[in-house]
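Student: quick one, what's the 3D model for this:
(chains A and B)
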Amino acid sequence: DAKTTQPNSMESNEEEPVHLPCNHSTISGTDYIHWYRQLPSQGPEYVIHGLTSNVNNRMASLAIAEDRKSSTLILHRATLRDAAVYYCIRRGAGSYQLTFGKGTKLSVIP
Amino acid sequence: EAGVAQSPRYKIIEKRQSVAFWCNPISGHATLYWYQQILGQGPKLLIQFQNNGVVDDSQLPKDRFSAERLKGVDSTLKIQPAKLEDSAVYLCASTLLIGLAGVHEQYFGPGTRLTVT
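Tutor: Below you'll find the model as predicted:
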């Protein structure tokens, strides 16, 4: 039970922003939200994580709703290299294990 | 910094044969994970090691799967005998010692694609 809900697939035009949604309506107050992505024929790679506040790093931004029941991964300018499956994962504060769902397959159109 | 190494990258075997996968984590990473990823699904955790001890193997099918990490560095995952449903990509990941604040990012290897015929 991945405990998060994501759309199966999304499309974006190259060089445009992408907003990938994730629903985690049963999240507890100490659960972290992690995003990983998996490029074709590669293992997953860490993108970003957060608890309550919005987070930014060199790869993406993470916007977490005030009630923490949903979050959005933002890629500011999609490139062809961003085409991947994006996984939104809840992680309990006391656990370092990741439970992956099916993720969202992002296609980037040139 | 070298990443997580796995070998072989591809393996084709017949059902009822045995197979072994090898993983070399990032230097200094105490925690090692093995995942199984069936086509179209996300990775599923099989076993977690901390140094050379097993932290969690609750999802490892122990009647046919085994794993070890004898010296707390390299690890091997074995399947004996293999079944058709074991066809999947087997991923190894590592992370620094868990429990440290902010240290939790898992680094994944490229995986081994197993086909059982």
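Student: apart from its chain neighbours, what residue comes closest to residue A:77?
Tutor: With sequence-adjacent residues excluded and distances taken as Cβ to Cβ, 6 or more residues apart in numbering or on different chains, residue A:77 is closest to residue A:15, at 5.5 Å. Using the backbone N, CA and C atoms, a C-beta is placed for each residue, glycine as well.
Student: that neighbour: what secondary structure?
Tutor: Three-state call for residue A:15 (DSSP: H, G, I helix; E, B strand; the rest coil): coil.
Student: quick one: it from chain B, how far?
Tutor: 28 Å (Cβ to the nearest Cβ, to the nearest Å).
Student: can you count the residues close to that residue?
Tutor: Residue A:15: 12 surrounding residues under other Cβ atoms under 10 Å in any protein chain shown.
Student: residue nearest the centroid of chain B?
Tutor: The residue lying closest to the centre of chain B (Cα atoms, centre = their mean) is residue B:34, at 2.5 Å.
Student: show the pLDDT at it.
Tutor: Reading off the confidence values, residue B:34 has pLDDT 98.
Student: OK, contacts around it?
Tutor: B:23, B:45-47, B:67, B:75, B:77, B:90-92 (Cβ atoms under 8 Å, 6 or more residues apart in numbering or on different chains).
Student: what does chain A put close to chain B?
Tutor: A:2, A:36, A:41-46, A:49, A:85, A:87, A:91, A:96-103 (Cβ under 8 Å from any Cβ of the partner chain).
Student: give me that answer again for 6 Å
Tutor: A:42-44, A:46, A:87, A:96-97, A:100-103 (Cβ under 6 Å from any Cβ of the partner chain).
Student: show me the residues you listed that map onto strands.
Tutor: Assigned to strands by DSSP state E, the following of these qualify: A:46, A:87.
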